[in-house]
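Novice: have a look at this prediction, sequence included:
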Amino acid sequence: MVTVENVSGATLNDVVVGYYFDWDIGFESDSNTITFFPEAIPSFFVEVPVTAMLARYASDSDFPVFGCGVISNNQDYEVQGAAQNYSKWKSSLAYRISTLNSNTSLNFDGIDDISCVVGMKFPGTMQPGEKGEFILIFGAAMTKQELAFLMMEGFTTLDVKENSEPQNSLSIYPMPASDYVQVEISNTAPGKAHVIIKSVLGGNILIESENILSNGTTILHLDTSNLSTGAYILQAIVSEKVYTEKIIIIK
């Protein structure tokens, strides 16, 4: 968790904070490439400020691949991500500043000595003592597919939720599960619950359930007997609030 606090004593406007990564992979640092990495972002992260990047050796090799990304629970924040070659990065201070103020529009598409910036913009004013938060993730793996899985698992483990009001709650048991999971929803008013279980890698919907909720506690029973051992994502939309949890199935 990255926490940003205004300790200046003055009101600040459009604060942006980020991290710079200089990737030197393989025998020659100028033989690297970098791209945005949507495969590492769960498909159900709709309207969530999140981005991910993938850096690797340009040709097929036994070198590992590297990734980094940022995410926030606050939908008002603006994600920043810029991929560039190092020569462009060091060319001017103005360009370096622009990498943290261009959303994700700067994207070097080529082979070179590459680097990237990922961060978050806090639009509007930040008063003295006010704080903002976002999550930074970075890691490595031997294949792109493995790295996508690890980063996606990291993003979902962070438990990104759009629900900020305490009146509704959700719990899942048993955990780990095997042939079924029970979803217990405490609701303060009658409503509906749309519950799905997705694969972590690729986000394919495996189980889907529509339910009517009464006032109070409702327990939903989901059959997971057809799921293999592994990690999955359970997402529940309850009274227009979104809950996202990781579940583990063991057979």
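Specialist: In hand now; what should we look at? Residues are numbered from 1 along each chain as shown.
Novice: how far does stretch 170-187 stretch from one end to the other?
Specialist: Separation of the first and last residues of stretch 170-187 by CA to CA, to the nearest Å is 9 Å.
Novice: so how far is G132 from T3?
Specialist: Distance, T3 to G132, by CB to CB, to the nearest Å: 8 Å. For every residue, glycine as well, the C-beta is placed using N, CA and C.
Novice: those two: which has the busier surroundings?
Specialist: Taking other CB atoms under 10 Å, T3 and G132 do not tie; G132 has more neighbours (19 against 9).
Novice: residue contacts, the more buried one?
Specialist: Contacts were defined as CB atoms under 8 Å, 6 or more residues apart in numbering; by that measure G132 touches 3-4, 15, 17, 74, 77, 120, 122, 126.
Novice: following the helix or strand hosting it in sequence, what is the next regular element?
Specialist: Under DSSP states H and E, the secondary-structure element containing G132 is strand 131-141. Counting by DSSP H and E, the next helix or strand C-terminal to strand 131-141 is helix 144-157.
Novice: if I take that next one and strand 131-141, what angle do their directions form?
Specialist: Angle, helix 144-157 to strand 131-141, by axes from the mean of the first three to the mean of the last three CA atoms, to 10 degrees: 150 degrees.
Novice: buried residues in helix 144-157, which are they?
Specialist: 147-156 (16 or more other CB atoms under 10 Å).
Novice: nearest to S171 among these?
Specialist: Nearest to S171 out of those is T156 (CB to CB; 17.3 Å).
Novice: so where do the strands sit in the stretch 101-250 of the chain?
Specialist: 114-126, 131-141, 169-173, 180-187, 191-199, 205-213, 216-223, 230-238, 241-249 (DSSP state E, counting those that start in this stretch).
Novice: JSON lines please, covering the ones you listed and showing distance to W23 and mean pLDDT.
Specialist: Shown next, in JSON lines, are the strands of the stretch 101-250 of the chain (distance: least, CB to CB, whole Å; pLDDT from 0 to 100):
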{"stretch": "strand 114-126", "distance to W23": "6", "mean pLDDT": "94"}
{"stretch": "strand 131-141", "distance to W23": "10", "mean pLDDT": "92"}
{"stretch": "strand 169-173", "distance to W23": "38", "mean pLDDT": "88"}
{"stretch": "strand 180-187", "distance to W23": "40", "mean pLDDT": "89"}
{"stretch": "strand 191-199", "distance to W23": "29", "mean pLDDT": "86"}
{"stretch": "strand 205-213", "distance to W23": "35", "mean pLDDT": "86"}
{"stretch": "strand 216-223", "distance to W23": "42", "mean pLDDT": "90"}
{"stretch": "strand 230-238", "distance to W23": "28", "mean pLDDT": "84"}
{"stretch": "strand 241-249", "distance to W23": "29", "mean pLDDT": "83"}
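Novice: contacts only, for the residue positioned nearest the centre of the chain.
Specialist: What sits nearest the mean C-alpha location of the chain, by CA atoms, centre = their mean, is F155, with 4.0 Å. By CB under 8 Å, 6+ apart, F155 lies in contact with 40-42, 45, 50, 69, 71, 137.
Novice: if we use 7 Å, what do you get?
Specialist: Each residue near F155 by CB atoms under 7 Å, 6 or more residues apart in numbering is listed here: 41-42, 50, 71, 137.
Novice: go on, K198?
Specialist: 44, 204-206, 232-233, 235.
Novice: what about Y20, neighbour count?
Specialist: Using other CB under 10 Å, Y20 has 14 neighbouring residues.
Novice: is it bridged to anything, and to what?
Specialist: V117 (DSSP bridges).
Novice: surely it touches V117?
Specialist: Yes. Here Y20 reaches V117: they are 5.3 Å apart, a contact under CB atoms under 7 Å.
Novice: quick revisit: possible to save the strands of the stretch 101-250 of the chain as a markdown table with distance to A94?
Specialist: Shown next, in a markdown table, are these (distance: least, CB to CB, whole Å):
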| stretch | distance to A94 |
| --- | --- |
| strand 114-126 | 14 |
| strand 131-141 | 24 |
| strand 169-173 | 47 |
| strand 180-187 | 52 |
| strand 191-199 | 43 |
| strand 205-213 | 46 |
| strand 216-223 | 54 |
| strand 230-238 | 41 |
| strand 241-249 | 39 |
